[in-house]
Every structure is written in C-alpha cells, then in structure tokens.
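Engineer: Following is a predicted model, sequence given first.
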Amino acid sequence: MKTKRAVLTISIFSLLGGACLTPQPTRYENVDERVEVTRAPAGTVRKKIALVNFRNMTDKSYLVQPATIQLTSLMVQSGYFEIIEPTLVESVIRAQDEITTEKLQTLKDKFGAEYFLTGNLTNFEIRETSAGFCLFLGLLGSKNTKEYIVETGIDYRLVSVPDAKILQADSVENRRTDTSSQAGFLFSTGGSDVKVLQSSGGKLLRYAMKDLVEKLIRGL
C-alpha cells in the first residue's frame with residue numbers, strides 16, 4: 001500500500017514538474033498591428049516613382065517580394081507618391097544591375113517616371129529571450145515571459161529619372177521588441193522555441209519600411 005502511495009506521489013510531482021519545465025513550441029506572429037505613415041495634406045501632387053525588388057543580402061530570400069509589396073502599400077498610403085505598377089517597371093528594368101540612363105529614359109517616356117527607387121535588405125533577425133519562475137513545481141504559481149527582438153536593416157537609393165543622379169542614399173535600422181507572458185497557478189504553460197512563418201516575414205518588414213517611407217517624405 002505504501003509503495004502504491006509513493007508511486008502515486010512521484011507521478012503527481014513528475015506531472016507538475018513537467019508542466020513547469022517542459023518547453024512548448026511558440027509561434028511568433030505578432031503581425032496584426034496596423035502600421036501608419038504620415039499622410040500628405042489635401043492637394044499634394046504625388047511624385048511618380050518606379051521601383052524594382054530590393055536586392056536580398058540576408059539568408060531569407062522569401063522576403064524580397066513581400067518587401068516590395070509592403071513598401072508599395074505604405075508609399076501609396078502616404079499620399080505623397082504614385083507608384084508605377086512593378087510588373088510594368090520590370091518589363092524595362094528587371095534588376096539593379098540593369099539600370100542605365102537609356103532604360104530610365106524609357107521609364108520616363110512610357111510611364112512618366114520622375115524617380116527610381118532601389119536598395120538592399122541587409123538584415124532580418126528575430127531573437128528570443130525568456131525569464132520567469134516556477135515555485136514548488138508550479139504548485140505556488142509560475143510565470144514565463146518572453147521578449148521577441150526583431151531587427152531589420154535596409155539600404156536604399158532614390159535617383160532622378162532619366163539622368164540617374166542620386167538624390168537620397170541612406171539606411172534604416174529598425175529594432176522593435178514584443179513581449180508576451182503566460183502565468184498560471186498549479187500548472188504552468190511555458191515555451192521556449194520560436195517559429196516564424198514565412199508568410200509573416202513580409203508583414204514584420206512593415207516597421208522598417210515605415211521608417212524608410214518617413215525618410216523619403218522628409219527628403220522631398
């Protein structure tokens with residue numbers, strides 16, 4: 001009888017201990033926040049801009065197309081810029097190494113482009129740090145707090161069309177921290193692994209793209 005009680009006691013404490021100590025996978029996907037940029041006053045004449053996909057300097061090639069989409073959306077949203085449909089631009093210039101004054105002249109003649117925007121994605125990294133406590137195998141409470149640090153780097157150039165004079169050349173280094181916490185009594189629910197969906201990567205770029213657009217606006 002004593003043996004059975006001992007086994008039961010050990011099983012209960014093992015369960016509680018496991019609840020405190022066993023890491024659970026965590027999906028980081030905090031992408032619901034709406035990102036706003038400075039809006040142009042009524043009557044502002046939009047600058048007509050052509051852009052191509054930014055060159056990817058990170059190990060995450062899936063960011064290139066979403067970066068262009070996010071940038072286009074925020075620039076149009078601002079009311080300061082008119083963006084030429086990227087597929088039309090790509091029919092003339094498909095990549096940065098194809099830029100020539102002749103092709104810029106074609107963009108001006110065909111689509112009325114005034115400026116050309118391009119750049120590089122230089123950094124995209126998500127790091128996780130955790131802190132918390134677990135008292136008496138979770139019986140007296142537990143808490144697990146996580147910080148997700150998202151760092152993004154972008155270099156960009158704005159050139160005039162068709163003479164290709166560099167009007168703006170700058171970089172954006174965006175760093176944001178999101179915090180999530182889980183607290184419980186008797187049983188804790190903690191986690192340690194971060195999983196970021198590829199579909200979320202472009203959305204997380206919004207914050208750096210917002211900084212880029214704000215710099216472009218200030219440079220007008």
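Structural biologist: That came in fine, so what should we check first? Numbering: from 1, shown residues only.
Engineer: Quick one: the strands in the chain, in order.
Structural biologist: 26-27, 47-51, 55-56, 81-83, 115-134, 142-160, 166-184, 194-195 (DSSP state E).
Engineer: and these, which is most packed in?
Structural biologist: Greatest average neighbour count among those goes to strand 47-51 (a mean of 21), per mean count of other Cβ atoms under 10 Å. C-beta coordinates here come from the backbone N, C-alpha and C atoms, glycine included.
Engineer: Show the average pLDDT along that one.
Structural biologist: Regarding strand 47-51, the rounded mean pLDDT is 97.
Engineer: rewinding a little: would you format the strands of the chain as a markdown table with distance to Leu104 included?
Structural biologist: Shown next, in a markdown table, are these (distance: least, Cβ to Cβ, whole Å):
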| stretch | distance to Leu104 |
| --- | --- |
| strand 26-27 | 44 |
| strand 47-51 | 8 |
| strand 55-56 | 18 |
| strand 81-83 | 16 |
| strand 115-134 | 6 |
| strand 142-160 | 8 |
| strand 166-184 | 13 |
| strand 194-195 | 42 |
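Engineer: partner residues bridging the nearest residue to Ile126 once chain neighbours are set aside?
Structural biologist: Nearest residue to Ile126, sequence neighbours excluded (Cβ to Cβ, 6 or more residues apart in numbering): Val150, at 5.3 Å. The partner list for Val150 in beta bridges (DSSP bridges) reads Ile126, Arg176.
Engineer: ok, so what distance separates Val150 from Lys60?
Structural biologist: As judged by Cβ to Cβ, to the nearest Å, Val150 and Lys60 stand 13 Å apart.
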